[in-house]
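[1] sequence and predicted structure are below.
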Amino acid sequence: MTTTTHSQKYAGKLAVLYQDQGDVQLFQLLAERLGVPLHQALNSDSLEDFFLTWRDGCLKLLDKELLKKGGLAVDIEPRNGEQRSWPAPKDGALAQALGRKTRTVVDATTGWGQDSLHIFRMGYELLCIERSPVMAELLTDGFNRLAQQDWMLRLNLESPRLLQGNAIDLFANLEIPPDCIYIDPMFPPKRKKSALAKKSMMVLRDLLGDDQDKEQLFEAALNTAGKRVVVKSPDYADPLGGKPSQSFQGKLLRYDVYLKG
Ligand SMILES: C[S@@+](CC[C@H](N)C(=O)[O-])C[C@H]1O[C@@H](n2cnc3c(N)ncnc32)[C@H](O)[C@@H]1O
């Protein structure tokens, strides 16, 4: 059997960048965990397309365009218009799709954690899964920052738990089926470069590519969920699991709900 190690996966693509930003040991350990090189500074030998570095107290992912501008970190701030109390009201298309009776949710495709954090802030009990080791590092950093927020400490809340690995395999380890499994896999874009695509999603696509096994993920989610599977998809894509039981329209996207019999 051939196994792809992280270093093979990221060979020539990703490096950790130090640039005199604090404790070098942290950077070394990160580079070791991911099996990628550590660069002290950027020079003409730095051929990689992506870099991870700590800047402004956050772990950030940068592509060549972002090197001077700042970089992308897991954003732990509530979205525009979202109420800043906890739990925030369960309204909007996402909450409708998750369902009124849902208590426990597994986000099987956590990515930048934006849907997860929205779900968490609405007060659902949440477990996050992410297979990319790079995204898992960024999420761990974001969830650690979240845990230190005043409102989290005041309310004695813990950040969501994160498992790194393929959800298709990890579902088998869940002791109790969650009421709902939420999946938001990467779909091929409608056009090659969409002006509407967010930079964070474009970088994610460039780094990881499309999720080719989304049908298998859907099947595994349907077998595992207690009550429902919610699939977020772009509005131009066909429903991942055939005709859904319900659909809720968001801006340029759809939440397809598959209820279990
Ligand atoms: C489109 S992004 C998700 C974005 C996310 N909903 C957000 O709000 O930031 C898809 C993510 O799912 C992850 N993913 C796809 N298939 C997976 C699987 N089978 N197991 C775990 N993670 C998976 C990818 O690595 C990628 O980070």
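    Noted; the coordinates are in hand.

[2] mind showing which ranges of the stretch 101-250 of the chain have poor pLDDT?
    Scanning the stretch 101-250 of the chain for pLDDT under 70 picks out the ranges 192-197.

[3] can you map out the helices along it?
    Counting by DSSP state H, counting those that start in this stretch, the stretch 101-250 of the chain has these helices, from start to end: 114-121, 133-147, 150-154, 167-170, 199-208, 214-224.

[4] can I get these in JSON lines with distance to the ligand and mean neighbour count?
    Yep, even glycine has a C-beta here, placed from its N, CA and C like the rest. Output for the helices of the stretch 101-250 of the chain, formatted as JSON lines (distance: least, CB to the nearest ligand atom, whole Å; neighbours: other CB atoms under 10 Å):
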{"stretch": "helix 114-121", "distance to the ligand": "3", "mean neighbour count": "23"}
{"stretch": "helix 133-147", "distance to the ligand": "5", "mean neighbour count": "20"}
{"stretch": "helix 150-154", "distance to the ligand": "19", "mean neighbour count": "11"}
{"stretch": "helix 167-170", "distance to the ligand": "4", "mean neighbour count": "18"}
{"stretch": "helix 199-208", "distance to the ligand": "5", "mean neighbour count": "16"}
{"stretch": "helix 214-224", "distance to the ligand": "4", "mean neighbour count": "18"}
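
[5] for these, give me TSV that also has distance to residue 239.
    Formatted as TSV, the entries for the helices of the stretch 101-250 of the chain read as follows, by distance: least, CB to CB, whole Å:
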stretch	distance to residue 239
helix 114-121	18
helix 133-147	25
helix 150-154	36
helix 167-170	19
helix 199-208	20
helix 214-224	10
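
[6] out of these, which is closest to residue 9?
    Ranking those by distance to residue 9, with CB to CB as the measure, places helix 133-147 first at 8.2 Å.

[7] can you tell me the closest non-neighbouring residue to residue 26?
    Once flanking residues are discounted, residue 26 sits nearest to residue 54: 7.1 Å by CB to CB, 6 or more residues apart in numbering.

[8] nothing else from me, thank you.
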